[in-house]
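S.K.: here is a sequence together with a model predicted from it:
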2 protein chains.
Amino acid sequence: MAGMAEQAIQRATEAYRLRDSSYVTLVRQGEPALRQMQSDIDQIAFDLLAMEQPMAVDLRLIVSMIRINADLRRVGDLAINIAVRAEELTDLPPIEIPVDIPRMSALASAMVSKALQAFVDGDTEKAESVLVLDDQVDALNRAAFPALSSLIKHQPVSTHQALHALIITRNLERIGDHATNIAEDVIFWVRGNDVRHHHDLTV
Amino acid sequence: MAGMAEQAIQRATEAYRLRDSSYVTLVRQGEPALRQMQSDIDQIAFDLLAMEQPMAVDLRLIVSMIRINADLRRVGDLAINIAVRAEELTDLPPIEIPVDIPRMSALASAMVSKALQAFVDGDTEKAESVLVLDDQVDALNRAAFPALSSLIKHQPVSTHQALHALIITRNLERIGDHATNIAEDVIFWVRGNDVRHHHDLTV
């Protein structure tokens, strides 16, 4: 499921980078499978809770599974949002966007990948490395606002493109947040303590 | 906890409406209590799973509790995002914003309130009424983009205000999404079937 979510991010970014809406179609086509997988995983978690009556670390694992599952589904939704904005941009004249969206997307995608690898390996150090990447994504997101508002000011004809780009950066930042949630759930599962809320809010 | 989340939305909206950053301070001050409550509720859910080994409807209730808890916490985060944007707007010259943010906020807040009332009453019809409200919030959100880009075009001096307003509307739309998640969890808990994914995605 994480692989599908990552692929959706990458395809949405290709749609943006190559101005090629066939990638948008691919992102949309992948969505039903992601939905179905979320339902299946929830059902498995639910059956495990009902039938195995797990305790301690096993219980934390299953609770984490339920949360991570919801996070991955949201990542898929956010990738669709990005793809739709990329499609809108393809219909507008190409301009130089003063935000490195492919880099921000590569970081967000790496966060999802690392968070899931941490989950598979039960590796809390790897999970913590995700939290560091989130600071980088947040910094890029914060820089996007002045860069894009300055673009609008100096080149008003590019307003629509700037607004779509702004929304894409917000969606990438949210993907980073979901990857952070996953990493925190890995730490919760392995160590049994709750690391959430130790990180500054991003706005 | 839902009351705290709603109060945060209302205070953030007052900060916007009255251009009064003392409301922003109130939203920030409320955050630690919301964090603490999320941890406490998670712990209760976890203890119930570990000690009571609940089955069927009880198990669904507790799984729903864990999910709803995460949604309410995110609503609190989004209210802070809105409050921060309201504060930025207070520092800029006041302009006429062509989006009825207080109305959109009242709808989003009503969704949270109704979704929680549905949870308290185990009332799936009330839960379904939340899904209808979400369509209204989505419509307002979709209308915001052309209205604000047109404002920027015709009144470039208001670009910053328009961008902050755009981000506020996205945050309100996300609050609506979380209320929708809660309503769907109520239906899952009571009926045992999964109503998620029956609704169109909002972008």
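M.R.: Everything's here; your move.
S.K.: now do the same contact list for residue A:26.
M.R.: Shown in contact with residue A:26 (C-beta atoms under 8 Å, 6 or more residues apart in numbering or on different chains): residue A:11. (Each C-beta comes from the backbone N, C-alpha and C, glycine too.)
S.K.: for it, which three-state class applies?
M.R.: Put simply, residue A:26 is helix when judged by DSSP: H, G, I helix; E, B strand; the rest coil.
S.K.: where's the spatially most central residue of chain A, which helix or strand?
M.R.: Taking C-alpha atoms, centre = their mean as the criterion, residue A:175 is the residue nearest the geometric centre of chain A, at 2.2 Å. Element membership for residue A:175, per DSSP states H and E: helix A:159-191.
S.K.: buried residues of that helix, list them for me.
M.R.: With burial defined by 16 or more other C-beta atoms under 10 Å in any protein chain shown, the residues of helix A:159-191 counted as buried are A:159-190.
S.K.: can you check stretch A:19-35 too?
M.R.: Going by neighbour count (16+ other C-beta under 10 Å), the buried part of stretch A:19-35 is A:20-21, A:23-24, A:26-28, A:30-31, A:34-35.
S.K.: mind putting these into CSV with pLDDT?
M.R.: Shown next, in CSV, are the buried residues of stretch A:19-35 (pLDDT from 0 to 100):
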residue, pLDDT
A:20, 96
A:21, 93
A:23, 96
A:24, 96
A:26, 96
A:27, 96
A:28, 95
A:30, 94
A:31, 93
A:34, 92
A:35, 89
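S.K.: same for the helix ranked longest in chain A, what does it pack against?
M.R.: Taking DSSP state H as the assignment, the helix of chain A that covers the most residues is helix A:56-90. Secondary-structure packing of helix A:56-90 (3 or more C-beta pairs under 8 Å, 6 or more residues apart in numbering or on different chains; DSSP states H and E): helix A:2-18, helix A:22-52, helix A:101-121, helix A:159-191, helix B:22-52, helix B:56-90.
S.K.: would JSON lines of those with distance to residue B:106 be doable?
M.R.: Converted to JSON lines, the helices and strands packed on helix A:56-90 look like this (distance: least, C-beta to C-beta, whole Å):
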{"stretch": "helix A:2-18", "distance to residue B:106": "33"}
{"stretch": "helix A:22-52", "distance to residue B:106": "31"}
{"stretch": "helix A:101-121", "distance to residue B:106": "33"}
{"stretch": "helix A:159-191", "distance to residue B:106": "23"}
{"stretch": "helix B:22-52", "distance to residue B:106": "16"}
{"stretch": "helix B:56-90", "distance to residue B:106": "13"}
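S.K.: close to chain B: what parts of chain A are there?
M.R.: Proximity of chain A to chain B (C-beta under 8 Å from any C-beta of the partner chain) is limited to residues A:35, A:38-39, A:42, A:46, A:49-50, A:53, A:55-56, A:59-60, A:63, A:66-67, A:70, A:77, A:80-81, A:84-85, A:145, A:148-149, A:152-153, A:156, A:159-160, A:163, A:166-167, A:170, A:194, A:196-197, A:201, A:203.
S.K.: ChimeraX command for the buried members of the residues you listed?
M.R.: Applying 16+ other C-beta under 10 Å to the residues of chain A next to chain B leaves a buried subset, and the ChimeraX line that selects it is:
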select /A:35,38,42,46,49,59,60,63,66,67,70,77,80,81,84,85,145,148,149,152,159,160,163,166,167,170,194,196,197,203
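S.K.: so where is chain A shaky, pLDDT-wise?
M.R.: Chain A contains residues with pLDDT under 70 at A:193-203.
S.K.: state the distance from the residue nearest to the centre of chain A to residue A:72.
M.R.: 10 Å (C-beta to C-beta, to the nearest Å).
S.K.: need the overlap of contacts for these two.
M.R.: With C-beta under 8 Å, 6+ apart as the test, residue A:175 and residue A:72 both reach residue A:112.
S.K.: which SSE is the spatially closest residue to residue A:173 that is not a sequence neighbour in?
M.R.: Counting by C-beta to C-beta, 6 or more residues apart in numbering or on different chains, residue A:173 lies nearest to residue A:141, which is 4.0 Å off, once chain neighbours are set aside. Here residue A:141, judged by DSSP H and E, is contained in helix A:124-154.
S.K.: wait, residue A:89 sits on residue A:20?
M.R.: No - using C-beta atoms under 8 Å, residue A:89 makes no contact with residue A:20, being 11.1 Å away.
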